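**Q** Need a 3D model of the following:
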Amino acid sequence: MPLADALRPRTLDDIVGQKHILAPGSVLRNIIEQKAPMNLIFYGPPGTGKTTLANIIADSSNRKFYKLNAVNAGLAEIKDILKKNTDPVLIYLDEIQYFNKKQQQSLLEVMESGAVQLIASTTENPYFYVYKALLSRSSVFEFKPITPDDLLPAINKALDHTCSEKNLTYDIEIPKLIAMASGGDARKAITTVELLTNAMPRNGHIPTEQIEQLSKDNSMRYDKGGEETYDLASALMKSMRGSDPNAALHYLARFLAAGDMITPIRRILCSASEDIGLANPFAPVVAKSCVDTALQLGLPEAQLPLAHAVIYLATSPKSNSAHDAVQAAVQDVQNGLVGPVPRNLQNKHADSTGQKREQGYLYPHNFPYHWIPQQYMPDNLQGKQYYVPGDNQNEMALVEYWQQVYRHHNRYHGNG
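**A** Sure, this is the predicted structure:
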C-alpha cells in the first residue's frame, strides 16, 4: 500500500488543513457528525483531502459505499450497483466533470428517488462543469491548498513511520523543505517522504540536498487551460493594474516556469490599453515590442522582454478612460441608441446619386489648430459624452490643449 494511503486520516480531527469548512460548529462538520444523508460536491486541487473526507463520511454511514471515477466509469456501473442493492447506497464519484450532461441528468434521477446519496469531487470549478440541476440539489464545498505549516504534522508523522523502519536520520530542515515544495498537496508531500526514505540504505542519513533534487520544479501547480490558468492570468493583470511590479513578476514567473508564454502575453497586451491607456500612450508600443521580441527569442530568453513589459506596465501611470469610453459607446449601440449619419459626414460619392442638397463638410485642416466645430454625432445623440479624461499628466495636458483651441476659436469668432 502506498504510504499516502497507509497514513490516510481516519477522523475529522486528523485531516490537515480545510479548517474553513471542517472547524467545530461548521456546517459541513455538523452534517457529517449528524450523519445527515446530504448530497455533497467537493472541489479543489489534488491532495487536499476530498477523497479522505469521503472515506470518513462513508465509515460513519450505514449505507453501502462504492467508489467510482468518472474517467473510466459510466451509467452502466451505477445501474449495476443499484441492481445489486435494494437499500439506498452511498456513491463517491471522483472527477465528476468527465460525466457529460446526459450522464449527470441520469445521476439526478437516482438522487431524487433516494436510491443514491452522492458525494462527488472535482478539481475544476463545479459551477462551470456540473449540471445546474444537480448543483441545486447538492451542497458545494471548496477545498483549498494546504499551507506548509498545516502540512508539517503529516510530514513528521510520515518521516517517523518510514525512518523508524530503516533506522534513518535526517537534517532538521527536511520537513519544512518538503512542506514548501509540495504546493499544498498532502499526497505529494507524503509521497516525497516515501521516495526519500526508499532511496536510502538502512542506518543512513537524509541530507538537505536530497530533497532539493527531488523537489526541483515540483512545487508549482499549473493546469494549462484549467481554472488555475485563469486565476493566474487574472492575478497577473490585476497586479499590473494595481501597480505592484513584484506581484506581477511572481505570476509571470509561474507562467514561464510552466512553459506558457501565450497566456501572459495576452494579458500584457490587453493591460497596456485597458489599464494604462492614454495616461501613457507609449505603453501599447512598448508592450507590443517586448512581446514580439519574446516570441522571436523563445524561452528561456523570452523571460527578459516579458519582464521588461510587466515592470513597465506595472509602474506606468494608469487610466481606464479609453476602456470606459468604448464600453459606454458599445452599450448604447447594443441598446439601439443609433441614428443616421449626419449629411456632412456622409461619403462624398453620395453627391453623385442625384441628391441636390450640399454635403457641407468642413475640412478641419483648413482651419487654425486643425479644428472647426461641426456636427459629428447623429441628431439623437448630440451632446452625448463617452470619453471623460483621466486625472493623469498626459490627459490633463490634452485637456489644457483643447481648452486653448476652444479659447482661440471663441476669440476669433467674437464669442468671448
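**Q** Mind checking what secondary structure the spatially most central residue of the chain has?
**A** With distances taken as C-alpha atoms, centre = their mean, the chain has Asp231 as the residue nearest its mean C-alpha position (1.6 Å). At Asp231 the chain is in helix, as set by DSSP: H, G, I helix; E, B strand; the rest coil.
**Q** quick one: it from Leu306, how far?
**A** Applying C-beta to C-beta, to the nearest Å, the value for Asp231 to Leu306 is 19 Å. (C-beta placed from N, C-alpha, C; glycine too.)
**Q** Asp292: neighbouring residues, count only.
**A** Look at Asp292: counted by other C-beta atoms under 10 Å, it has 12 neighbours.
**Q** check which helix or strand covers it.
**A** Using DSSP states H and E, Asp292 falls within helix 283-297.
**Q** Check which residues of that helix are buried.
**A** Ala283, Pro284, Val286, Ala287, Cys290, Val291, Thr293, Ala294 (16 or more other C-beta atoms under 10 Å).
**Q** Touching stretch 95-110 from outside, list them.
**A** 41, 69-71, 74-75, 78, 82, 93, 116, 118, 120-124, 126, 129-131, 133-134, 137 (C-beta atoms under 8 Å, 6 or more residues apart in numbering).
**Q** Can you tell me the closest non-neighbouring residue to Tyr369?
**A** Nearest non-adjacent residue to Tyr369, counting by C-beta to C-beta, 6 or more residues apart in numbering: Val405, 4.5 Å away.
**Q** so where's the protein uncertain?
**A** Applying pLDDT under 70 to the chain flags residues 212-226, 348-358, 414-416.
**Q** And the strands in the stretch 51-200 of the chain, which stretches?
**A** Counting by DSSP state E, counting those that start in this stretch, one finds strands in the stretch 51-200 of the chain at the ranges 64-69, 89-94, 116-122, 139-142, 169-170.
**Q** My error: substitute the stretch 201-350 of the chain in the last question.
**A** Using DSSP E, counting those that start in this stretch, the strands of the stretch 201-350 of the chain run over 205-206.
**Q** Show me where it has its helices.
**A** 208-215, 227-241, 245-257, 262-271, 283-297, 303-315, 321-334 (DSSP state H, counting those that start in this stretch).
**Q** looking at these, which is closest to Pro148?
**A** Smallest distance to Pro148 across those (C-beta to C-beta): 12.3 Å, for helix 208-215.
**Q** ok, back up a step: buried deepest among the strands of the stretch 51-200 of the chain, which one?
**A** The highest mean neighbour count among these, using mean count of other C-beta atoms under 10 Å, belongs to strand 116-122: a mean of 24.
**Q** Tell me which residues touch Pro368, please.
**A** His408, His409, Tyr412.
**Q** Now do whichever strand or helix holds the first one: distance to the chain's middle.
**A** The secondary structure element spanning His408 is helix 393-412 (assigned by DSSP H and E). On the basis of C-alpha atoms, centre = their mean, to the nearest Å, helix 393-412 is displaced by 44 Å from the centre of the chain it belongs to.
**Q** can you state the direction angle for that helix and helix 321-334?
**A** Going by axes from the mean of the first three to the mean of the last three C-alpha atoms, to 10 degrees, helix 393-412 is angled at 70 degrees with respect to helix 321-334.
**Q** Which other helices and strands does helix 393-412 contact?
**A** Of the remaining helices and strands, none touches helix 393-412 by 3 or more C-beta pairs under 8 Å, 6 or more residues apart in numbering; DSSP states H and E.
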